[in-house]
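> Mind folding the following:
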Amino acid sequence: MSFRFAAVSCIGLATLLAISCAPPPPHVEGVSPTAKSPGTRWIPPVRAVRADSDTVLAPALPTVLSTKQGTLDLADFIGLALERSPDTRAAWANARAAAQSYGASKGPLFPELSLDLTATKLKTAATQGRSAVKQTVYGPSLSLTWLLLDFGGRSGSIGSAREALLANDWTHNAVINDLILRVSGFYYTLAADRALVLAQRATLEEAQTNLAAAEERRRNGVATIADVLQARTAVGQALLTTQTDEGNLAVSRGQLATAVGMSPLVEFDIDTLAGVGDIGAVSVQVDSLIETALAQRPDLAAARALAAQSHQQARAIKSQQFPSLTLTGNAGRTYLTDPTRHGDTYTATLGLSIPLFNGFAWTYSGRAADALAEAADYRAESVAQQVTLQVYTAYHSLQTATQQVATARDLFASATQSTEAALGRYKEGVGSLLELLQAQQALADARAQLIGARLNWHTSLVQLAHDAALLDDNGGSSLHISTDSTSGPTR
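Model prediction:
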């Protein structure tokens with residue numbers, strides 16, 4: 001008894017010792033798997049970074065567009081983005097994977113065949129008066145399994161894969177629409193920032209001209225040092241605003257370049273007419289746009305496809321509690337060392353499986369699948385409500401933007417007349433420099449507000465086209481605009 005106790009004790013002690021002496025976690029590529037302490041950083045392994053030509057931002061414009069330097073329009077940038085975007089590539093890959101899964105889901109419609117080839121060499125011992133036997137057995141065999149009937153499980157799986165494919169295809173379209181919207185926004189922002197820089201440079205030149213005039217008038221004794229200081233202050237303010245606008249222009253150029261897969265260091269310029277065009281209101285009613293969006297929005301179609309997929313999955317799950325009819329078979333030929341003993345074998349079985357009871361798991365699983373399908377329906381309904389609100393909001397945002405352009409244009413016209421009047425009074429000696437500077441600042445503000453209003457109108461138009469599922473691959477749309485011929489460009 002003591003010997004057994006000692007043996008067990010030794011084994012237990014050895015086990016505890018082995019556990020207590022377990023080695024630390026293995027290193028990852030030669031470095032510690034975790035940081036040394038909570039307050040220190042984990043040092044990653046040194047890896048050779050492989051430059052992938054498909055993912056690295058392009059260092060220059062494509063050759064086909066290099067000749068259009070300075071005249072690149074929105075369609076050019078959208079074309080680059082659609083060609084290079086990792087988002088569209090990922091969505092397309094998902095759709096292709098779903099297409100293959102849909103093809104695989106149809107496999108159970110056909111019999112499953114397998115061919116087995118075996119070879120066995122054996123030798124028995126000579127025991128109990130029996131002679132030793134040497135034998136080589138080999139031969140092929142063909143197996144067949146075919147599900148003939150399963151009351152909805154097979155068709156439910158096929159339907160689920162089909163709806164998943166449709167959902168991925170619609171998602172791919174939605175990703176393309178989102179990319180076009182994003183590139184269009186960057187494009188019009190760049191156009192507006194460029195216009196602001198040109199306008200602010202003109203304001204800076206006016207301020208510098210005023211400063212030179214004030215200094216000349218002071219030398220002639222018709223102006224005071226206060227006038228010169230006011231003019232210098234105006235120059236400094238104009239210069240500071242110009243520098244800010246030029247920085248914003250560089251940022252917006254980098255944003256557009258990155259969005260289309262180019263390095264932000266690439267030198268390019270957009271069409272001089274970008275963002276310049278007639279402004280007007282949408283002539284179609286918002287309820288018509290909502291109906292179009294509910295029928296054609298790809299993200300909504302994807303949500304509906306996912307809901308249909310959930311119903312198909314529920315159908316497949318609930319079929320587990322119904323009988324299934326299966327045909328199985330096997331045919332083969334056996335070859336022995338003795339040629340006279342070769343022979344063929346075959347079996348054929350028609351089996352009916354009738355589920356009887358598994359602790360109500362089938363029932364609960366079916367109810368859970370129905371509830372998940374119901375939740376997917378509600379999610380699709382929620383997306384439809386979001387689409388409706390998006391179209392409604394975008395529509396009224398565009399209407400507001402149209403009114404703001406008209407108001408900003410009137411404000412710009414008034415500020416222009418006010419500046420001309422102040423300049424005339426100042427030249428005649430009956431107006432003060434402060435009055436002129438205030439009028440010119442009001443003109444600069446009005447010019448910037450008009451540029452911003454036009455930018456808001458263009459981006460609102462693209463947003464409405466996107467939300468109403470009317471955005472084409474060039475950034476345009478089939479929206480009919482009642483243009484205003486008086487809404488010419490302002491620089």
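
> Just the strands from the stretch 1-150 of the chain, written as ranges.
Per DSSP state E, counting those that start in this stretch, the stretch 1-150 of the chain carries strands over the ranges 112-123, 134-149.

> Now do the last one: distance to the chain's middle.
Distance of strand 134-149 from its chain centroid, counting by Cα atoms, centre = their mean, to the nearest Å, is 50 Å.

> Pull out the buried positions in it.
Taking 16 or more other Cβ atoms under 10 Å as the neighbour-count basis, strand 134-149 is seen to contain the buried residues G139, S141, S143, W146, L147. C-beta coordinates here come from the backbone N, C-alpha and C atoms, glycine included.

> Touching, the fourth one and A348? I think so.
No - with contacts counted by Cβ atoms under 8 Å, W146 stays clear of A348, the gap being 11.0 Å.

> related to what we said a few turns ago, would CSV of the strands of the stretch 1-150 of the chain with mean pLDDT be doable?
Compiled in CSV, the strands of the stretch 1-150 of the chain are given as follows (pLDDT from 0 to 100):
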stretch, mean pLDDT
strand 112-123, 88
strand 134-149, 88
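
> G30 against P45, yeah?
Yes - counting by Cβ under 8 Å, G30 does reach P45; the two are 5.9 Å apart.

> So if I had to pick from the two, which one is more boxed in?
In terms of neighbours (other Cβ atoms under 10 Å), P45 is the more surrounded of G30 and P45; the figures are 10 against 7.

> give me every residue that touches the more buried one.
Taking Cβ atoms under 8 Å, 6 or more residues apart in numbering, we find P45 in contact with V28, E29, G30, V31.

> now G153
R315, A316, S319, Q320, F322, S324.

> Quick check: the gap between it and Q320.
Here the distance between G153 and Q320 works out to 7 Å (Cβ to Cβ, to the nearest Å).

> can you count the residues close to T388?
Residues contacting T388 under the criterion other Cβ under 10 Å number 19.

> Now do the residue nearest to it when sequence neighbours are not counted against P23, distance only.
Spatial nearest neighbour of T388, excluding adjacent residues (Cβ to Cβ, 6 or more residues apart in numbering): I290 at 5.4 Å. Separation of I290 from P23 (Cβ to Cβ): 65 Å.

> Repeat that for D227.
84 Å.

> what about the stretch 351-491 of the chain, any weak spots by pLDDT?
Counting by pLDDT under 70, the stretch 351-491 of the chain contains low-confidence residues at 483-491.

> swap that for the stretch 1-150 of the chain, sorry
Applying pLDDT under 70 to the stretch 1-150 of the chain flags residues 1-22, 47-56, 64, 67-70.

> where do the helices sit along it?
Listed from the start of the chain, the stretch 1-150 of the chain has helices (DSSP state H, counting those that start in this stretch) covering 2-20, 63-66, 74-84, 86-105.

> quick one, what contacts S460?
In this structure, S460 makes contact with A394, S397, L398, T400, A401, judged by Cβ under 8 Å, 6+ apart.

> Out of those residues, who's the most crowded?
The member of the contacts of S460 surrounded by the most neighbours (other Cβ under 10 Å) is L398, with 26 neighbours in all.

> Would you mind measuring from that one to G280?
In this structure, L398 lies at 10 Å from G280, with Cβ to Cβ as the measure.

> now do L294
From L294 over to G280 the distance is 26 Å, taken as Cβ to Cβ.

> Could you do S32 as well?
For S32, the distance to G280 equals 65 Å [Cβ to Cβ].

> Settle it for me: which of those two has more neighbours?
When S32 and G280 are compared for neighbours, G280 comes out ahead with 18 against 13, by other Cβ under 10 Å.

> So that one: helix, strand or coil?
Per DSSP: H, G, I helix; E, B strand; the rest coil, the secondary structure class of G280 is strand.

> and if you look at the one 10 residues further on?
Using three-state DSSP, the three-state assignment for I290 comes out as helix.
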